[in-house]
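> got a predicted structure plus its sequence, pasted below:
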Amino acid sequence: MQTLDPQAMAHISEVSVSVELQTADMTLNIGPQHPSTHGVLRLVAKVDGERVSSVEPVIGYMHRGYEKLAEVRTYPQITALVNRIDWVSGFANEIPFVVAAERLMGLEVPERAQYIRLILTEMARISSHLIFMSSYPLEIGAATPLMHALRERERVLDLLESVTGGRFHPNFNRLGGVKPAAGAGAQTKKVVQDLPAGFLADTRAAMGKVRDICDDLEGLVTGNEIFQARTIGVGIMPADKAAAFGVSGPNLRASGPDYDLRKHADYLPYDRFDFEVPIGRNGDCFDRYRVRLEEIRQAASIIVQAVDSIPSGPLQAKVPKIIKVPEGEVYVRAENPKGEMGYHLVSDGGRMPYRLKVRSASFSNLSVLPWLLEGQLVPDLIAILGSLDFVLGDVDR
Amino acid sequence: MIVVFGIGFWAGLALKIGIMAAIVPVVALPIIFAELKLSAHMQHRIGPYFAGGKFGWAQPLADGLKFFQKEDLVPDSADKVVYKIAPYLVLAAALAVFVVIPFGPDLIGRDLDLGIFFALAISSVSTIGILIAGWSSGNKYSLIGGLRAAAQLIAYELPLFLAVVGVVIQAETMSMIGIIDAQQTYEVFGLFAIPYIIPQFVGFVIFFIAALAELSRTPFDMPIAESELVMGYLTEYSGFRFAVFFIGEYIGIFTMSAIMATLWMGGYDPLFFDLASLSDVAANVIGPLVLFGKVAILVFLMIWMRWTFPRFREDQLQDLAWKWLIPIGLMNIAVTAIFKVVL
Amino acid sequence: MTTNQSEPGAGEGEDEVAVDSPTEDAIEEAGGAAEAAEGTEPTGPGEPDPIAELAQRFAEIVGAESWSADHGLAKIKVTNADWVSAVSTAHQNGMPFLSFLSAIDWSQTVAVGDPLSDENVEERYELIIRLSSLASDDAITLSTDLSKYHPSIDSLVPVLPGADWHEREAAEMFGIEFRGHPNPKKLYLPDAFEGYPLRKSFPLLSREVKPWPGMVDVEGMPESESGPSTENPEATDGAGVEEEGAGDADA
């Protein structure tokens, strides 16, 4: 009897028992028009059944050329432009830019203006995270948290509107402070206008409601077994990989590092307030969701502390009529809701910047996608994409 | 029914077909309306309130009219014949179950001896309809949705049947009216009749979960998966054909709930009250009302679950069917059989 | 690039950060130590500037030509040949976080905006990369100069995977070639786009059609059938235009 070579035998038996069908990977184009891509993002995915073998993001559908536009705008005009970068948290985009210009000019921003800036930035943070709370469960399949989270977000937006006049694009920052007066046009008389009456009390009440909705969401979404089964262990991002790609904000903190620019950069007086920075352990989608939920609570706490201790004073430092920023180069970074947002401002001493580089959080957050999505299942792809919480305006600038 | 009203066979048949045709909107439209209103109130909204006065009761009618007057689109790359047949296959399978649903002691299309077997067998024909709809649309999203549907619907057929077998063992018959009669006479310790939901509670839960999966409702709506696949196998269907799918889904909800009400909750029989003591006509009027009441409870449960839970991933869904529902269903059958023999 | 001292009594005056000709100090300290003379003085007499210390420390670690620390920006200049090794060293020695990578086009003739006020600035592309630490407030900016005529440098992707998209963007916006980049396709712009938009020589086409109206955008009603009038009193770069105290940001 012929003794068969076990190696050849193994090969043969494998082939006869498990006949692999020759299948070609299907190229599935997700986007640019798709319910779940947070805007015009196109993912060219090669899928093998339900498993994704590779993903190539195609971006640039919303590229508006901010950096070029900034070279032909004066500084106050750019303030109106930049809150459209990450339109979900409009107010927060203006802050690092005005702080950068103020640093080059050596301006001292009055206390009251700094507190107002801080309160409105934290409100922008709550607004952005509540959008995440409404859209992320929807992508997993639960349709009800959408309505509840957006309902509470309306309260915050109403407060923003009562102060700045705009829900998403406030245009409220000025070089040296915040907008000190209203009606400064040719037709109306200039009137010094501070915060609206009742704003502080309304804010305290709204923050109470925001905390209530966080508790509701804990019950409805966090504790839901199906939600946990869909998000725990899905899309794990190790901290060193995240840092090498520049992933920042809640995405980075969910992987472990305790790195919050509110504690590490001094663009606003966060050191006067007592708040915790939530961090996660595993770096999966569930941790990213939980970090954002806890950040809403912490932001509400900061706002209440700020409202209780806001000083009085002028709203804007003295600036000349035609603002010229002295020569210099500075980079100011801030903790935007999406992550680290920064402006590298190169000034030549004129009224317009020489070069303004916008470091947007979602651009770096998205650049990790090809690495993160390799080998995932299609429903997991949607879950991971949603958990990164990016906005295409931020990605494409 | 022929005996009751003394009319001939063909006239009786025509009458039954007429009633069936009339029943479809009567049962589907209120369920659609209930879904719209209940989901709205769960989400802190109002829901429809323009169409038809204060409560918006005409909204489903208005939606139906809207679908009928839309353009008839067939995608270029679709397989035209199959594309056009698919919705009607699904609707036909859903409607065919009406033959064996007992609305009253005499109000049943035909009381087949194989009642429940026929109902489940014919309703699984809709699986083919969904699969060919996904394949023939000429769209990759539809294809993925159709494949997911095939896997899901076939996997959940088994728990459906296993749950029913427990009831059949207890009732010793597969005829629908026979099962209702068996629940009337099922007395524990000779005290009072209890519906099978109590001894067969495990079977009831399994059937409920499997029915949700068969209907492709959240948490089992992977085939549609609106946030991932646009609309899954329904992506390329619009206008009248979409309306056919839509009505088919809600009819399916009604038939599954009616089967559950019949098999586990006593059907048209209000159990603490003897329907046979009434005259025939009265029994045939109260019977449907009782059945609709029980169906309403179950439909409410289905709607409630849809708007609360996210959806399962495909492999988690299959895990649930194969690793949990089927073994538990088998154990249920074994325990039922043992008790049947022993007691 | 000139640095501006804000205190009046600073004895150092203006330091020019030399780009192409290191001083004799550098030639002496060939072992890779930084030139102390090339950095800016700490602010105030005897007060240590943490940014300056940080810049000096990293300049020593990566073997840089020069460093500066104005307005809180620790900027360290390296040569083209040292670029990849400097970034890699900094990345592994306490700066694991990549903030961004981009470029600045230093050019005397500009098609948009105001030209440079100082005519002695050398025309070049300055490539900048910012790295931060996760454990503390520290962050540094490394920069290197590329020639205008053939801007080409080794890609950082082998040592820093996150630089992938940033380099693609810099490549398409400035026309810089990154040798060894695994996927040098355009990121933002359509594939058929010609030109490099962020170069100072690239005009803003919308401003070619309609010149920048200046501070206040005033457009009159169309006077004739030939179309809307683009005439407005402030058609130049707003020289001598009255503006409101804080600038009209609602323009």
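Yes, it's here.
> use CA for all of it now, contacts and neighbours both
OK.
> does C:I129 sit in a helix or strand, and which one?
Taking DSSP states H and E as the definition, C:I129 sits inside strand C:124-132.
> got the contact list for that strand?
C:90-91, C:95-107, C:138-148, C:151 (C-alpha atoms under 8 Å, 6 or more residues apart in numbering or on different chains).
> buried residues in it?
C:R124, C:Y125, C:E126, C:L127, C:I128, C:I129, C:R130, C:L131, C:S132 (16 or more other C-alpha atoms under 10 Å in any protein chain shown).
> where in chain A is pLDDT low?
Along chain A, segments meeting pLDDT under 70 span A:1-24, A:35-37, A:181-193.
> quick one: contacts for the closest residue in space to A:Y66 that isn't next to it in sequence?
Nearest-residue entry for A:Y66: A:R397, 6.0 Å, with adjacent residues in sequence omitted and distances by C-alpha to C-alpha, 6 or more residues apart in numbering or on different chains. Contacts for A:R397 (C-alpha under 8 Å, 6+ apart) come out as A:M62, A:H63, A:R64, A:G65, A:Y66, A:I85, A:V358, A:S360.
> which two in those residues are spaced the farthest apart?
A:M62 and A:V358 (15.1 Å; C-alpha to C-alpha).
> between the two, which one's more packed in?
Neighbours per residue, other C-alpha atoms under 10 Å in any protein chain shown: of A:M62 and A:V358, the larger number sits with A:V358, 23 against 16.
> contacts only, for the more buried one.
Contacts of A:V358 (C-alpha under 8 Å, 6+ apart): A:Y66, A:E67, A:M341, A:G342, A:Y343, A:H344, A:R397.
> whichever of these end up buried, select them in ChimeraX.
Here is the ChimeraX command that selects the buried residues among the contacts of A:V358 (16+ other C-alpha under 10 Å):
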select /A:66,67,341,342,343,344,397
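> is it true that C:G180 touches C:V159?
No - between C:G180 and C:V159 there is no contact under C-alpha atoms under 8 Å: 11.6 Å.
> neighbour count: those two, which is higher?
Using other C-alpha under 10 Å, the more surrounded residue of C:G180 and C:V159 is C:V159, with 16 against 13.
> in what helix or strand does the more buried one lie?
Going by DSSP H and E, C:V159 is not part of any helix or strand.
> can you count the residues close to the nearest residue to A:P311 once chain neighbours are set aside?
Using C-alpha to C-alpha, 6+ apart and skipping the chain neighbours, the partner closest in space to A:P311 is A:R112 (5.5 Å). By other C-alpha under 10 Å, 19 other residues sit near A:R112.
> before we move on, the earlier item: which of the contacts of A:R397 lies closest to chain C?
Set against chain C, the nearest of the contacts of A:R397 by C-alpha to the nearest C-alpha is A:H63 (6.5 Å).
> not counting sequence-adjacent ones, nearest residue to that closest one?
Closest to A:H63 by C-alpha to C-alpha, 6+ apart is A:D396, at 4.7 Å.
> hmm, that neighbour is touching C:L187, no?
No - with contacts counted by C-alpha under 8 Å, A:D396 stays clear of C:L187, the gap being 9.5 Å.
> what do these two both touch?
Joint contacts of A:D396 and C:L187 (C-alpha under 8 Å, 6+ apart) are A:I59, A:G60.
> the residue nearest to A:Y66 and A:G49: what is the separation?
Separation of A:R397 from A:G49 (C-alpha to C-alpha, to the nearest Å): 35 Å.
> just curious, which of the contacts of A:R397 is nearest to B:F246?
For these, the nearest to B:F246 is A:M62 (36.3 Å; C-alpha to C-alpha).
> just give the nearest non-adjacent residue to the closest one, would you?
A:D396 (5.6 Å).
> can you name the residue of the stretch 201-350 of chain A nearest chain C?
For the stretch 201-350 of chain A, C-alpha to the nearest C-alpha, closest residue to chain C: A:F245, 3.7 Å.
> my guess is that residue contacts A:L369. True?
No - applying C-alpha under 8 Å, one finds A:F245 not in contact with A:L369, separated by 10.0 Å.
> count the residues that sit near A:V47.
A:V47: 21 neighbours (other C-alpha under 10 Å).
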